[in-house]
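Peer 1: Structure here, sequence nowhere to be found:
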């Protein structure tokens, strides 16, 4: 009996020696992050959607400074980047379009009148029938289609659009979708619940995690995130995996996930979600358009890629997206050819974000396709290269 008690005591002592430093680490890290004030640093507020820390949107009725060089943005009564408030239910003569996308759609480093949703609205109201008011809402909520699909199922019945557009850029979106974990699919083959994603809301701002257990409570603790990042960085630096032959947006600590097998399955899942969004909108009598924007790596004169290493891979991703959208009968436009014609790498501020001219080019081609969808007539407007 005494031997048994000694063994139990020894086991408990060992567990205590191991557990106590871990407890102190988590407690200290949480107290440290609790003491921070991210509101001053990021100056923006988010709200959770569908009770998920991975699905959020900018809180309505706020001015937020995300790019100090540009100045504050206004998020209106529905949390869209727009100066004016809107009616939740549009008037009968209003053709409302919800435009989903990441920082490209939001307008990275763009002023209010420069991002493509705004310019597209101007073109529609200028060129089409004056009996209809065209309203494009910048729904830059999240970073890739898995997140947009959750917002769409909330926004569509509430805001009642006539059309939905989804913008993707593969070097961003494939990387962001890579670590997504989901629980179940609905009738449209859309994820019912997201258990893990590359980003989540914690402490009032964006934080990042890496997939470990798929337990939201744990993965939204900054103490866990800090530790997981360190482990992920070591795995990415010293792991034995072959990186893809093209650039994907990196956070450093999750590079080890970018195996060929993971990339193929992620690409397949992403387009299954886009197809599901198309089916969902179609069943509700709403038109759908996928907008495929390129990265700077797809062009020869790319200062980030002077020897052209990433160009074939970047072009492969674009062509793969075009082929998959065609095979799945998803209405889409691709900006690859237009960007190449009007400046290529010169139309980007970095690896993926368009300049003012690039945003206008996206707006023009988007306007052309939307106008064709509305009128049933192919448009004859042209844009001249200066």
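Peer 2: Noted; the coordinates are in hand. Note that the coordinates shown come from a computational prediction; the quantities given were computed from them, not determined experimentally.
Peer 1: Quick one: mean pLDDT for the host helix or strand of residue 154?
Peer 2: In the assignment (DSSP states H and E), residue 154 maps to helix 145-159. Across helix 145-159, pLDDT averages out at 96.
Peer 1: what's that helix in contact with?
Peer 2: Here helix 145-159 makes contact (C-beta atoms under 8 Å, 6 or more residues apart in numbering) with 49-50, 52, 54-55, 57, 78, 88-90, 96, 98, 100-101, 137, 139, 141-142, 161, 164, 166, 168, 173, 177, 180, 182, 190-191, 194, 197, 269-270, 273-274, 276-277, 280-281, 284, 286. C-beta coordinates here come from the backbone N, C-alpha and C atoms, glycine included.
Peer 1: So which of the residues you listed belong to strands?
Peer 2: Among the contacts of helix 145-159, the members falling in strands are 49, 52, 54-55, 57, 96, 98, 100, 137, 139, 164, 166, 168, 182, 194 (criterion: DSSP state E).
Peer 1: Got phi/psi on the most centrally placed residue in the chain?
Peer 2: By C-alpha atoms, centre = their mean, the chain has its centre lying nearest to residue 143, at 1.1 Å. The main-chain torsion angles of residue 143 are listed as degrees, to the nearest 10 and equal phi -130, psi 0.
Peer 1: still on that earlier bit, ok, of the contacts of helix 145-159, which come out buried?
Peer 2: Neighbour counting with 16 or more other C-beta atoms under 10 Å marks 49, 52, 54-55, 57, 78, 90, 96, 98, 100-101, 137, 139, 141-142, 161, 164, 166, 168, 173, 177, 180, 182, 190-191, 194, 197, 269-270, 273-274, 276-277, 280-281, 286 as buried within the contacts of helix 145-159.
Peer 1: Quick one: mean pLDDT over stretch 331-350.
Peer 2: Confidence for stretch 331-350, expressed as mean pLDDT, is 96.
Peer 1: again, but for stretch 242-259
Peer 2: In this model, stretch 242-259 has a mean pLDDT of 87.
Peer 1: what comes up buried for it?
Peer 2: Within stretch 242-259, the residues that count as buried by 16+ other C-beta under 10 Å are 244, 246, 247, 248, 249, 251, 253, 254, 255, 256, 257, 258.
Peer 1: what's next to it, contact-wise?
Peer 2: Contacts made with stretch 242-259 from outside it, assessed by C-beta under 8 Å, 6+ apart, are listed as 171-172, 174-176, 178-179, 198, 208, 210-211, 228-233, 235-236, 239, 241, 260, 263, 295, 297, 304-305, 309-310, 312-314, 316-317, 351-352.
Peer 1: What separation do you get for residue 321 and residue 190?
Peer 2: Residue 321 sits 19 Å away from residue 190, going by C-beta to C-beta, to the nearest Å.
Peer 1: swap that for residue 32, please
Peer 2: Taken as C-beta to C-beta, the span from residue 32 to residue 190 is 38 Å.
Peer 1: got the phi/psi numbers for residue 339?
Peer 2: Its backbone dihedrals place residue 339 at phi -60, psi -40, with angles given as degrees, to the nearest 10.
Peer 1: which SS state does the residue lying closest to residue 281 once chain neighbours are set aside fall under?
Peer 2: The shortest distance from residue 281 to any residue that is not its chain neighbour, by C-beta to C-beta, 6 or more residues apart in numbering, is 4.5 Å, and that residue is residue 288. Using DSSP: H, G, I helix; E, B strand; the rest coil, the secondary structure recorded for residue 288 is strand.
Peer 1: I'd like the numbering to begin with 477 instead of 1 from here.
Peer 2: All right, first residue 477 from here; so that's residue 764.
Peer 1: residue ranges with poor pLDDT in the stretch 477-626 of the chain?
Peer 2: Along the stretch 477-626 of the chain, segments meeting pLDDT under 70 span 477-478, 509-519.
Peer 1: Spell out the residue ranges of the helices in it.
Peer 2: If you assign secondary structure with DSSP state H, counting those that start in this stretch, the helices in the stretch 477-626 of the chain sit at 478-511, 514-518, 579-582, 592-603, 621-635.
Peer 1: Now tabulate those helices in CSV and tack on mean neighbour count and distance to residue 538.
Peer 2: Written out in CSV, the entries for the helices of the stretch 477-626 of the chain read as follows (neighbours: other C-beta atoms under 10 Å; distance: least, C-beta to C-beta, whole Å):
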stretch, mean neighbour count, distance to residue 538
helix 478-511, 11, 23
helix 514-518, 12, 11
helix 579-582, 22, 14
helix 592-603, 21, 18
helix 621-635, 21, 18
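Peer 1: Which element, helix or strand, includes residue 778?
Peer 2: Counting by DSSP H and E, residue 778 is found in no helix or strand.
Peer 1: got the contact list for it?
Peer 2: Contacts for residue 778 (C-beta under 8 Å, 6+ apart) come out as 772, 784, 786, 787, 820, 821.
Peer 1: Identify the farthest-apart pair in the residues you listed.
Peer 2: Considering C-beta to C-beta, no two members of these lie farther apart than 786 and 820, which are separated by 13.6 Å.
Peer 1: which one of those two has more residues nearby?
Peer 2: Of the pair residue 786 and residue 820, residue 786 is the one with more neighbours under other C-beta atoms under 10 Å, namely 22 against 16.
Peer 1: Find the nearest non-adjacent residue to the more buried one, please.
Peer 2: residue 773 (4.1 Å).
Peer 1: Could you do residue 759 as well?
Peer 2: In space, and not counting its chain neighbours, residue 759 is closest to residue 664: 7.9 Å by C-beta to C-beta, 6+ apart.
Peer 1: Against residue 585, how distant is the one you found?
Peer 2: Distance from residue 664 to residue 585, counting by C-beta to C-beta: 35 Å.
Peer 1: follow-up on the earlier one: ok, the residue nearest to residue 786 - how many residues close by?
Peer 2: Taking other C-beta under 10 Å as the neighbour definition, residue 773 ends up with a count of 24.
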